[in-house]
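Peer 1: Task: produce atomic coordinates for the following.
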Amino acid sequence: MVDGDGSNRAAGRQRRGRAIAMSDAERDGFLAAERTCRVATVGKDGAPHVSPLWFGWSGGAVWLFSITKSRRWRDLERDPRVSVVVDAGEQYDELRGVEVHGRAEQVGEVPRSAAPDPELMAIEQVFADKYMGGAFYADGRHAWLRIEPEKIVSWDFRKLAALQRK
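Peer 2: Residues are numbered from 1 along each chain as shown. Next comes the predicted model:
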């Protein structure tokens, strides 16, 4: 987009967006450390529904351990399109985050029992280490959803200071 003065400010903003994006390693570390995501689903009436949830990041996918009788679960059974946002920071120059767009897929039994499942071993250990003191347990009310990213956007406004010095 060319602005009225002939400059290409939109392209400049895009370059800044790339400059403040997280590297793959930064993104992976951020998602491993942060504890709460916001999950956006499409409701039966087409309206968005957003809810906070604990999550895991494993094998390049976002994993949600969701209550199977929740509105979120019903929404995703009807329409698997989902967006997940994980963010942190309080001051403007501290803000950072990751947004993942994709489709949720049920993995394993619904609801999850204590029976071993090789497909879930890695994420259940990640989840146990992050939230359960190292020991995973299934309560018969939750099951796993995997979101393979179709699009990932990240930002780290802490990088803005270096851009402003240039």
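
Peer 1: for this structure, what spans make up the strands?
Peer 2: Along the chain, the stretches classed as strands by DSSP state E are 36-42, 48-58, 61-67, 81-88, 96-107, 142-156.

Peer 1: Highest mean neighbour count out of those strands?
Peer 2: Of these, the one with the most neighbours on average (mean count of other C-beta atoms under 10 Å) is strand 61-67, at a mean of 21. C-beta here means a position set from N, CA and C on the backbone, and glycine is covered the same way.

Peer 1: tell me, what residue is most central in this structure?
Peer 2: Central residue of the chain (C-alpha atoms, centre = their mean): residue 84, 4.0 Å from the mean position.

Peer 1: Apart from its chain neighbours, what residue comes closest to residue 54?
Peer 2: When the adjacent residues along the chain are set aside, residue 54 lies closest to residue 131, with 5.7 Å between them (C-beta to C-beta, 6 or more residues apart in numbering).

Peer 1: Please tell me I have it right and that neighbour contacts residue 35.
Peer 2: Yes. The pair residue 131 and residue 35 passes the contact test of C-beta atoms under 8 Å, sitting 7.4 Å apart.

Peer 1: between these two, who's got more neighbours?
Peer 2: Here residue 131 and residue 35 are set side by side on neighbour count (other C-beta atoms under 10 Å), and the busier one is residue 131, at 14 against 11.
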